[in-house]
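[1] Return a 3D structure for these sequence lines:
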Amino acid sequence: MLRSLRRALRPTRLRIPTRRFDAGIAALPPTAREAFGTTASAAEAVAYNRSRVASATAVALYRSGYRLPIPDDHLNDAVRALEFQYSAPSPETRAAIRAALAVLDTDYTVTVTH
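    Numbers count the residues shown, from 1 in each chain. As a prediction, the model looks like this:
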């Protein structure tokens, strides 16, 4: 699994009809503190930070050919393998990764090309 996630680091294209993005694994968006300053509540900051890690992990998994269902230990390995600072897999993060993977898999307009 780690080998295939590392393959995701190679430049690939995520195609969306209205826009194209060239990237391997994109850098994470700013942290909650950087995005909201001090105006976000603790719950909002946790949800934001969890979502940004889950979204990036789901894209890496999707680009690597992984589809649902995925066991918890594979999701834990994926989060750790991508080495996002301060990221620790949790039940909530795994649920968010699965939700993002389901969206990517369901949306027929999203394709991966190499």
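[2] Find the least confident helix or strand in this protein, judged by mean pLDDT.
    The weakest-scoring helix or strand in the chain, judged by mean pLDDT, DSSP states H and E, is strand 19-23 (a mean of 33).
[3] could you point out which element follows that strand?
    Per DSSP states H and E, the first helix or strand lying C-terminal to strand 19-23 is helix 32-36.
[4] and residue 75, what does it touch?
    Residue 75 is in contact with 57, 89, 93, 94, 97, 98, counting by CB atoms under 8 Å, 6 or more residues apart in numbering. Heads up, the C-betas are built off the backbone N, CA and C, glycines and all.
[5] how close does the last one sit to residue 71?
    The spacing between residue 98 and residue 71, counted by CB to CB, to the nearest Å, is 11 Å.
[6] of those two, who's got more company?
    More neighbours surround residue 98 than the other of residue 98 and residue 71, with 18 against 9 (other CB atoms under 10 Å).
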